[in-house]
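Participant: Sharing a sequence plus its predicted fold:
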Amino acid sequence: MNQLKQIQAHTLRIGVDHTKFIIVKLLQIPNVSYAHKLLDVIPHPTLFLYNKLIQSYSSQGPYHNSLFLYTQLCRKGLSPNEHSFTFLFAACALLPSTQRGQMVHTHFVKSGFEADLFASTSLVDMYSKLGLLKTAQKCFDEMKEKDIPTWNSIIAGYTKFGDMEGANKLFNLMPFRNVISWTSMISGYSQNGQYREALSMFIKMENDKAMRPNEVTIASVLPACANIGALEVGERIEAYARINGYFSNLFVSNALLEMYSRCGKIDKAKSVFDEIGSRRNLCSWNSMIMGLAVNGRCKEALEVFNNMLREGTAPDDVTFVGVLLACAHGGFVTKGWELFQKMEQNHFLVPKLEHYGCMVDLLGRSGKLMEAYDFINTMPIKPDAIIWGVLLGACSFYGHVELAEISANRLFVLEPWNPANYVILSNIYALAGKWDAVARLRKVMKGSKITKGAGYSFVEEGGHIHKFIVEDRSHPRYIEVYALLDELSTEIIRSHDENDFCYEFEYYA
């Protein structure tokens with residue numbers, strides 16, 4: 001930087017203009033603000049320099065400065081070219097208002113650059129990122145020439161805003177695909193909770209020998225493995241990631257840590273956490289705390305939390321959900337209250353519904369049902385269905401009929417469509433011998449056409465995930481499945497009968 005200033009001073013003394021060279025070098029450093037100041041003092045700045053600054057602002061911000069420079073160059077009598085619009089659309093995609101982008105689009109059409117592939121792709125990308133998918137699709141359809149980035153831009157828009165059906169249709173129409181195309185689909189499915197589809201898409205990508213998943217692909221598919229318990233596939237992905245040097249990417253290592261935590265392989269998760277070492281960020285700490293908490297290693301979760309504080313990492317909302325869950329699962333009522341109070345006093349974090357839910361869970365699991373109910377009634381936030389659901393679950397465990405009725409009645413208002421609340425209350429009545437109440441509740445369910453959805457389970461075999469529901473006959477190999485189940489049932493009954501016989505023989509001997 002000092003050397004550039006010396007060059008500028010020297011050029012001013014000898015009368016040779018090297019300002020263009022200096023501005024370009026300043027943008028490479030980058031020092032955009034100083035480059036902008038130099039541009040303002042040039043008597044006749046070129047379009048090339050304006051475009052360079054617009055490009056810099058479009059990638060680094062402040063994004064509105066790109067539009068300011070565009071207005072300035074027009075007032076100076078310069079005509080923007082296709083490169084100007086390519087960078088302007090990129091800047092507009094990151095602005096909160098859609099009006100600026102639409103205005104630039106109008107100028108783009110009037111300027112006659114619609115045939116330019118790069119500028120038109122940038123236009124499609126802008127509308128996709130702004131969520132104006134119909135306009136993005138219209139611009140995409142009007143393009144006479146499209147390349148892979150054009151397809152990727154429109155697909156990314158559909159995935160970002162949750163239209164995976166639209167994204168999949170476009171993906172299947174692509175004449176050629178690259179790793180970004182596949183990753184967009186995998187990431188889209190995963191982020192929209194369609195984990196089986198994400199995993200299926202990844203397996204298809206693996207089968208395409210021309211494609212090699214990159215770090216982003218791996219970081220996108222591992223959460224899908226975590227959410228459906230696809231441990232076998234996750235382990236295979238880990239091996240691939242390590243062979244290709246992707247474990248050094250913190251997004252990949254954190255995703256792997258969460259995958260093992262969610263799949264119940266907590267010792268493996270701990271090993272990954274230790275391997276991340278000094279690279280740990282807040283996400284790493286949170287995943288480890290949460291993993292230990294939900295897997296019953298509650299004291300260890302609190303120890304990791306204390307280590308995190310000692311190392312100087314500030315906790316966030318998610319951290320406190322983890323430590324409060326650890327207290328709830330471990331029965332640490334006093335510690336839970338202490339952490340809940342310190343959350344705001346020491347760490348300046350205002351408790352959210354999730355944290356209040358954890359406290360209700362803590363009190364409910366400990367049998368302090370009335371205390372939990374009083375706590376709900378004094379909450380500064382209106383309790384939602386999750387809060388009342390947690391209390392109803394605790395009432396079910398401890399057989400508290402009166403509080404169960406209060407909780408259930410709140411839930412019937414908040415989510416009248418949810419059959420689980422009716423079923424839980426019905427079970428509580430049944431355990432208490434209140435058969436009239438059971439019959440009355442079932443009559444309400446029948447009258448309201450509330451039916452309990454069929455339960456299902458996932459089975460992983462040979463790297464594939466299979467979904468089964470009760471009496472399912474949709475699987476292509478269901479005859480073999482039922483034949484094996486019959487064999488197992490026969491073996492269990494036979495083994496049970498033998499054990500009974502041995503017990504009776506020993507009893508009468």
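Facilitator: Thanks, I have the structure now.

Participant: wouldn't Cys225 be in contact with Gly234 here?
Facilitator: Yes. Applying C-beta atoms under 8 Å, one finds Cys225 in contact with Gly234, separated by 3.8 Å. Glycine gets a C-beta too; all of them are placed from N, C-alpha and C.

Participant: and these two? which has more neighbours close in?
Facilitator: Using other C-beta atoms under 10 Å, the more surrounded residue of Cys225 and Gly234 is Cys225, with 31 against 25.

Participant: pLDDT at the more buried one, what is it?
Facilitator: In the predicted model, Cys225 carries a pLDDT score of 95.

Participant: Would you check how far apart it and Asn377 are?
Facilitator: With distances taken as C-beta to C-beta, to the nearest Å, Cys225 is found 41 Å from Asn377.

Participant: now Val272
Facilitator: 43 Å.

Participant: who has more neighbours, these two?
Facilitator: For the pair Val272 and Asn377, the greater number of neighbours falls to Val272 (23 against 8), based on other C-beta under 10 Å.

Participant: Assess the claim that that one and Leu256 are in contact.
Facilitator: Yes. Proximity of Val272 to Leu256 meets the contact threshold set by C-beta under 8 Å, at 5.5 Å.

Participant: Let me see the ranges of the strands in the protein.
Facilitator: For the chain, the strands defined by DSSP state E occupy 456-461, 464-469.

Participant: which stretch in those is the model least sure about?
Facilitator: Of all the strands of the chain, the minimum mean pLDDT falls on strand 456-461 (a mean of 62).

Participant: Not counting its neighbours along the chain, what's nearest the most centrally placed residue in the chain?
Facilitator: Central residue of the chain (C-alpha atoms, centre = their mean): Gln191, 4.8 Å from the mean position. What sits nearest to Gln191 in space, not counting adjacent residues and going by C-beta to C-beta, 6 or more residues apart in numbering, is Thr159, at 7.4 Å.

Participant: what's that neighbour in contact with, if anything?
Facilitator: The contact partners of Thr159, by C-beta atoms under 8 Å, 6 or more residues apart in numbering, come to 167, 184-185, 187-189, 191-192.

Participant: Could you do Leu309 as well?
Facilitator: Contacts here follow C-beta under 8 Å, 6+ apart; on that basis Leu309 touches Pro315.

Participant: Kindly report the same for His83.
Facilitator: Listed by C-beta under 8 Å, 6+ apart, the contact set of His83 reads 51, 55, 118-119.

Participant: hmm, 6 Å instead?
Facilitator: His83 makes contact with Asn51, according to C-beta atoms under 6 Å, 6 or more residues apart in numbering.

Participant: how about the helices in the stretch 201-350 of the chain?
Facilitator: Remark: helices assigned in the stretch 201-350 of the chain by DSSP state H, counting those that start in this stretch are 215-228, 231-243, 250-262, 266-276, 282-294, 298-310, 317-330, 333-345.

Participant: how about CSV for the ones you listed, with distance to Asn178 added?
Facilitator: Conversion of the helices of the stretch 201-350 of the chain to CSV gives the following (distance: least, C-beta to C-beta, whole Å):
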stretch, distance to Asn178
helix 215-228, 11
helix 231-243, 18
helix 250-262, 20
helix 266-276, 30
helix 282-294, 28
helix 298-310, 39
helix 317-330, 34
helix 333-345, 45
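
Participant: Give me the neighbour count for the residue nearest to Ser190 when sequence neighbours are not counted.
Facilitator: Distance criterion C-beta to C-beta, 6+ apart; nearest residue to Ser190, sequence neighbours excluded, is Ala198 at 4.2 Å. If you count neighbours by other C-beta under 10 Å, Ala198 ends up with 28.

Participant: Against Val221, how distant is Ala198?
Facilitator: According to C-beta to C-beta, Ala198 stands 6 Å off from Val221.

Participant: Could you name every residue contacting both of those two?
Facilitator: With C-beta under 6 Å, 6+ apart, Ala198 and Val221 have common neighbours Ile186.

Participant: burial measure for the residue lying closest to Phe202 once chain neighbours are set aside, as a count.
Facilitator: Counting by C-beta to C-beta, 6+ apart, the nearest residue to Phe202 once its immediate chain neighbours are dropped is Val221, at 4.5 Å. When neighbours are defined as other C-beta under 10 Å, Val221 has 31 of them.

Participant: and what of Gly322?
Facilitator: Every residue meeting other C-beta under 10 Å relative to Gly322 is counted, giving 25.

Participant: now the one 5 residues further on
Facilitator: By the measure other C-beta under 10 Å, the count of residues near Cys327 is 28.
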